[in-house]
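Trainee: I need the structure of the sequence given here:
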Amino acid sequence: MKFFKKEPEKTVLFVCIENAGRSQMAEGFFNKHAPQGYKAISGGTKPVSHINPVAVEAMKEVGIDISNQKSKDITEDVMRNSFRTVNMGCMNKESCPTFFLPNVLDWNIEDPRGKPIEKVREIRDEIEQRVKELVASIKASKEINA
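Mentor: Next up is the predicted model:
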């Protein structure tokens, strides 16, 4: 009997400042749609104590529960070991580590903090569309390199 060594999962890192809204939604969508062998994590440069409750509600509406996710700090290891990094839209040079990383996707998505549920739904839908495009590009590159 042969045993096959399982390759480690490739990580896609979604980054914003507080890791309370945009990046949490992107993590939820990516993990739902991720190709085999890939997973998402998210982090922030100034994590907060709780996830945006309106973002949690908006995600529940589309069947994804992010209520148990925690706002996390971005470590150098996480950044260095990520297959791809996506900057959700932080443009503050003091708070955004992605300015110093190569090969970062910059989505420039509006922050849902303090926004009404209607606006957060629009932001959520934009994030889902971008995540689906990212997943499709990963799948296409896997097929090309297979």
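Trainee: show me which helix runs longest in the protein.
Mentor: helix 117-145 (DSSP state H).
Trainee: can you tell me how far M88 is from K60?
Mentor: Relative to K60, M88 is positioned 20 Å away (criterion: Cβ to Cβ, to the nearest Å). (C-beta placed from N, C-alpha, C; glycine too.)
Trainee: which of the two has more neighbours?
Mentor: M88 (29 against 12; other Cβ atoms under 10 Å).
Trainee: tell me the contacts of that one?
Mentor: By Cβ atoms under 8 Å, 6 or more residues apart in numbering, the contact list for M88 reads F14, V15, C16, R22, S23, A26, W107, I109, I127.
Trainee: which pair in those residues has the greatest spatial separation?
Mentor: V15 and I127 (13.2 Å; Cβ to Cβ).
Trainee: S42: what secondary structure?
Mentor: strand (DSSP: H, G, I helix; E, B strand; the rest coil).
Trainee: per-residue confidence at it?
Mentor: In this model, S42 is scored at 95, pLDDT.
Trainee: same deal with I127?
Mentor: 98.
Trainee: also the one 10 residues further on?
Mentor: Listed pLDDT for S137 reads 94.
Trainee: next: the one 3 residues further on.
Mentor: At A140 the predicted local distance difference test score is 90.
Trainee: just the element for L13, please.
Mentor: Counting by DSSP states H and E, the element that carries L13 is strand 10-16.
Trainee: and which of the contacts of M88 is nearest to V48?
Mentor: C16 (10.8 Å).
Trainee: and the closest one, how many neighbours does it have?
Mentor: Other residues lying near C16 total 31 when counted by other Cβ under 10 Å.
Trainee: can you report how many residues lie near G44?
Mentor: Count around G44 with other Cβ under 10 Å applied: 26.
Trainee: K115 too?
Mentor: 18.
Trainee: now it: which helix or strand?
Mentor: Going by DSSP H and E, K115 is not in any helix or strand.
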